[in-house]
Every structure is written in structure tokens, then in C-alpha cells.
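Asker: got a structure for you, letters missing:
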């Protein structure tokens, strides 16, 4: 099976967009709780980028992960797939929290809550207790690894009761030709429905929609016939028009509001924007992003490290800048963070991928294979 390079490239692009989003998010001007608190340094006009990214980029990552899981499971088998998922996801999730996550917790305590996370008796707590609390509340973007592992377990459970792959074969018959393409567009309805299901209280980033689109990636969007339909010129045009039109309408409708609240995420407009953008990426990606040039290979190599490292590096450096370089205001603050954090993630990935134990704990790299 030939490697679908556009999946790697879309994932790399989305990972960089996650970094850009988190820079703006931590200085948001619409009252969304973040690790740095309210320093009044954000630029309201920059929020347009947040509104344009937030509804769909994690949904797209789960969809891509589901497609990739189809190829990975077919290549490895269930037992090896589970082992690979554990090493690649759970080990960096735990390792990332306790090696780097404390930075997020420490910054949150000192910047967002004014050092009052532990209450008036906080000074009496042992340092190890504070470190554990900082690490646990400093999960940051690592939640993605945990929920992706849960999605993989759900997939293996389904496969256990479907040893003949009947569900995949049924989806292959259903999503054929232009009728299949129309059904793929209509999947926006169950996608919207799953925004109401299996959402974890308090931990709002654990959402049922992510589990659902992961399974859609595995069972539906790994079908070659459907993918061929998605890359037709007229399909690309329709997908782009639908994504841009729904995106503009979404931003105009909700600009100035907390775009992370359930009432926004569960609105039909939000889910139309999300789904049509995902389809647009799969359509355009096959035509324009299916190369394996040097830049593509570079970001493929470093995208996982960028995802794991970017958030603690971002919060830590941002806190130092706003504390010790108060004259550095936006837009310079946005720019400095981007040109410092991205290269720092690449350097950290390069160095840590060569250090025994740490390369496994932070990047899921085993002794024999990266």
C-alpha cells in the first residue's frame, strides 16, 4: 500500500496551526480561561484566527488519526497495534505531564490565580505535593494523546465483535460514487449529534465528537473510492466554497463570544463549518499536498515533537516575557513567541530523540525504531 503523504502533510500543517492558535488563545480578549490570566495584551483583531481555527482543527486531527489507524492496524495486527499505541501515546502522555507539564501548572498558579492555587495553607505544602499538582493540572495539549488512545481501544473493541470486517465492507458499499460523496457531506448531521454525547464534565476537551470522527476516519474515509471522489475538481470547489462560506458566517456570528462554550460548539453552524472544512482538507490535500519533498519530510519528522513540546514551552516563555520584559507588547509578543517556540520545539525533538529513556518518555520512540 502506497503511503498517502497528504495525510502526513495535513497533520503537519494542522500541528503548526495548533501552535499559532495557542499563542493567540493565551492572550485572548474574549474572557476564555487560560494559563496566563488576563494581562490585557491581546489584540482583538487576532481573535479572528482563533475563531477560524478552533472549531475544526482537533476534529481534523482525529479524522486523520482514524484513517491512519486503518493502515496501521492492517499492517501490524491488533496486538502489535495496541502495543504501538500505548508506547506512542500513553507513555508520552504520562511522561510529558510529569517532565514538562508542571511548567503549565506553575505558570497557571503564578499568572492566572496569583499564587493562590493551594489556598492560604499553600506555603506549608511539601514541594513534591505542589509538583504533582502542577503536573496534573498542567496536562495542556497532551489530552489529545489520551483521548486518541481511548479511541484506539474503542476501535479494537468494535473489531473484536467484527472479526470479518463487515462494518468496513458495508461502508465501502455505501460510500461509493457520487451517492457516497453526498452521504459523506450528510455526515455533518451525526457529527453534530455527537457533540451532545459522551462529553466529560469539567474536562471539556474530552468530547464524543472526537471518538466518532476517529471511527469515521477508520471506516469511511480510508475507502479509496470515496477518497477518489473527494479529489475531483468539482468536489474540491464545492468543499472550499462550503468551508469558507460557513467559516465566514461562523466568525461573523460568534465574534466577541466565548467560542469554547457548549452552546457554540453544539450549534449547527459550528458543526457545518467544522465538517465542511475537514472535507475540504481531504479534497484539496490529495491534489495539492500529496508530495514528499524535503520540507514535507522535515515537518513529518518533527510534527509530533512540536505538538508535545509547544505548550509548556509557550506558557513558560510567555510568562517570562510578560514578567521581565513588560515593554514587549503585542504584536511583537505574538511574533517573538512564534519565532522562538517553533525552533525550540524542533531543537528539543532533535536532542531528546537521541537520549535514552527520555526519547521514549516524551516522544514514544523505542530503542529500535523512531
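Answerer: Arrived safely. Remember, it's a predicted structure, so these values are computed and weren't measured experimentally. Residues are numbered from 1 along each chain as shown.
Asker: residues contacting residue 110?
Answerer: By Cβ atoms under 8 Å, 6 or more residues apart in numbering, the contact list for residue 110 reads residue 319. Where you see a C-beta, it was placed from the backbone N, CA and C, and this is true even at glycine.
Asker: Residue 213 and residue 59 touch, don't they?
Answerer: Yes. Judged on Cβ atoms under 8 Å, residue 213 makes contact with residue 59 at a distance of 5.5 Å.
Asker: Now do the shared contacts for these two.
Answerer: Looking at what touches both residue 213 and residue 59 (by Cβ under 8 Å, 6+ apart), the common residues are 191, 278.
Asker: okay, the two: which has more neighbours?
Answerer: residue 213 (29 against 22; other Cβ atoms under 10 Å).
Asker: Give me the distance between that one and residue 72.
Answerer: When distance is defined by Cβ to Cβ, to the nearest Å, residue 213 is 17 Å away from residue 72.
Asker: again, but for residue 272
Answerer: When distance is defined by Cβ to Cβ, residue 272 is 30 Å away from residue 72.
Asker: These two: which is more packed in?
Answerer: Set residue 272 next to residue 72 and count neighbours by other Cβ under 10 Å: residue 272 wins out with 23 against 18.
Asker: Per-residue pLDDT of that one, please?
Answerer: Here, the pLDDT recorded for residue 272 equals 98.
Asker: quick one: the helices in the stretch 1-150 of the chain?
Answerer: 5-25, 47-53, 57-76, 78-85, 91-96, 102-107, 127-137, 143-160 (DSSP state H, counting those that start in this stretch).
Asker: now swap in the stretch 151-300 of the chain and tell me
Answerer: With DSSP H, counting those that start in this stretch as the criterion, the stretch 151-300 of the chain has helices at 166-174, 177-186, 188-193, 208-219, 224-230, 233-254, 262-265, 268-288, 294-324.
Asker: Could you save these as a markdown table and add columns showing distance to residue 67?
Answerer: Shown next, in a markdown table, are the helices of the stretch 151-300 of the chain (distance: least, Cβ to Cβ, whole Å):
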| stretch | distance to residue 67 |
| --- | --- |
| helix 166-174 | 12 |
| helix 177-186 | 13 |
| helix 188-193 | 16 |
| helix 208-219 | 4 |
| helix 224-230 | 9 |
| helix 233-254 | 17 |
| helix 262-265 | 23 |
| helix 268-288 | 9 |
| helix 294-324 | 15 |
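Asker: which residues touch stretch 287-306?
Answerer: 3-6, 8-13, 15-16, 19, 231, 236, 342, 345-346, 348-350, 352-353, 363-364.
Asker: Burial check on the nearest residue to residue 21 once chain neighbours are set aside, number of neighbours?
Answerer: Nearest non-adjacent residue to residue 21, counting by Cβ to Cβ, 6 or more residues apart in numbering: residue 53, 4.8 Å away. Residue 53 is flanked by 20 other residues according to other Cβ under 10 Å.
Asker: One more: residue 190?
Answerer: Neighbours of residue 190 using other Cβ under 10 Å come to 15.
Asker: roughly how far apart are the most centrally placed residue in the chain and residue 104?
Answerer: Closest residue to the average C-alpha location of the chain: residue 58 at 3.9 Å, with Cα atoms, centre = their mean. As judged by Cβ to Cβ, residue 58 and residue 104 stand 18 Å apart.
Asker: Same check on residue 271?
Answerer: With Cβ to Cβ as the criterion, residue 271 and residue 104 are 29 Å apart.
Asker: on that earlier part again, can you flag the buried ones in the contacts of stretch 287-306?
Answerer: Judged by neighbour count, with 16 or more other Cβ atoms under 10 Å as the criterion, the buried members of the contacts of stretch 287-306 are 4-6, 8-13, 15-16, 19, 231, 236, 342, 345-346, 348-349, 352-353, 363-364.
Asker: Check the average confidence over stretch 18-33, would you?
Answerer: Stretch 18-33 carries an average pLDDT of 93.
Asker: end-to-end on it?
Answerer: One end of stretch 18-33 to the other measures 17 Å (Cα to Cα, to the nearest Å).
Asker: Check stretch 43-57 too.
Answerer: First residue to last in stretch 43-57 (Cα to Cα) measures 22 Å.
Asker: for it, the distance to its chain's centre please.
Answerer: 15 Å (Cα atoms, centre = their mean, to the nearest Å).
Asker: for stretch 228-236, same thing?
Answerer: 25 Å.
Asker: And the contacts of that stretch?
Answerer: Residues outside stretch 228-236 that contact it (Cβ under 8 Å, 6+ apart) are 177-178, 180-181, 184, 239, 279-280, 282-284, 286-287.
Asker: what about that stretch, how long is it end to end?
Answerer: Distance between the two ends of stretch 228-236: 11 Å, counting by Cα to Cα.
Asker: buried stuff in it?
Answerer: 229, 230, 231, 235, 236.
Asker: pLDDT averaged over that stretch - what is it?
Answerer: Mean predicted confidence for stretch 228-236 is 95.
Asker: ditto for stretch 119-132
Answerer: Computed over stretch 119-132, the mean pLDDT rounds to 85.
Asker: cool, stretch 52-63 as well?
Answerer: When pLDDT is averaged over stretch 52-63, the result is 98.
Asker: From the chain's centroid, how far away is it?
Answerer: That offset, for stretch 52-63, works out to 7 Å (Cα atoms, centre = their mean).
Asker: cool, and stretch 204-219?
Answerer: 12 Å.
Asker: quick one on the thing from earlier: can you tell me which of the buried residues of stretch 228-236 lies nearest to residue 205?
Answerer: Taking Cβ to Cβ as the measure, residue 205 lies nearest residue 230 of the buried residues of stretch 228-236, at 28.1 Å.
Asker: Out of the helices of the stretch 1-150 of the chain, which is the most enclosed?
Answerer: Most buried of the helices of the stretch 1-150 of the chain, by mean neighbour count (mean count of other Cβ atoms under 10 Å): helix 102-107, with a mean of 23.
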